[in-house]
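Visitor: turn this into a model:
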Amino acid sequence: MAKTARVPDKKIIEAIRAIGPFISEVARSLSMKPNTLYHRVERTKKLQEVMDEERDAIVDISESNVWKGVKAGDKKDSKYILDRLGKNRGYTTRAEIIDLSENKHITVTPDLSGFTADELKKFMEGLANAANAITDSEAE
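Guide: The predicted structure is shown next:
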């Protein structure tokens, strides 16, 4: 059985730039096995850099799309931004509890979609009480 010729890095880079950082699709376009391409990228610094650049470009485009949605009044995009960037203002879908005495970090992601405003308030008060209890026990 004849061994297939090694695809030059230059061809791989061209394919990544044309298709994006999607291993399966790039491999298919070059008649390579995805696993072979994955390991090749893993071992080749320039290929890693190109993949990282293309991933960054996708993130940039996605951020731009979300920002356009926020500016257009899209509630889902606005909630997404608040959940991720509005934590310091109290907007979050998860609570993080850190117990320094035992070096524990607990993340809780409750489904709050069905809660009333009063229920949410009680939930947040409960979290605050739990955090205070941890702080008080550390002080002792």
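
Visitor: pull the helix or strand with minimum mean pLDDT from the protein.
Guide: Lowest on mean pLDDT, DSSP states H and E among the helices and strands of the chain sits strand 95-99, with a mean of 65.

Visitor: mind showing which ranges of the protein have poor pLDDT?
Guide: By pLDDT under 70, the weakly predicted segments of the chain are 1-4, 92-103, 105-113, 134-140.

Visitor: now with 50, please.
Guide: Along the chain, segments meeting pLDDT under 50 span 1.

Visitor: list the helices and strands the longest helix along it packs on?
Guide: In the chain, with assignment by DSSP state H, the single longest helix is helix 45-71. Using 3 or more Cβ pairs under 8 Å, 6 or more residues apart in numbering; DSSP states H and E, the elements in contact with helix 45-71 are helix 9-19, helix 34-43, helix 75-85. From N, CA and C alone the C-beta is placed, and that goes for glycine too.

Visitor: flag every buried residue along the shortest one.
Guide: Same thing as helix 34-43. Across helix 34-43, burial judged by 16 or more other Cβ atoms under 10 Å covers 37, 40, 41.

Visitor: how close does the last one get to residue 16?
Guide: The one in question is residue 41. Residue 41 is 8 Å from residue 16, where distance means Cβ to Cβ, to the nearest Å.

Visitor: got any residues that touch both of the two?
Guide: Shared contacts of residue 41 and residue 16, defined by Cβ atoms under 8 Å, 6 or more residues apart in numbering, are found at 47, 51.

Visitor: hang on, residue 23 packs against residue 38?
Guide: Yes. Judged on Cβ atoms under 8 Å, residue 23 makes contact with residue 38 at a distance of 5.4 Å.

Visitor: mind listing what's buried along stretch 60-75?
Guide: Residues of stretch 60-75 classed as buried by neighbour count (16+ other Cβ under 10 Å): 66, 69, 70.

Visitor: sweet, I'm off.
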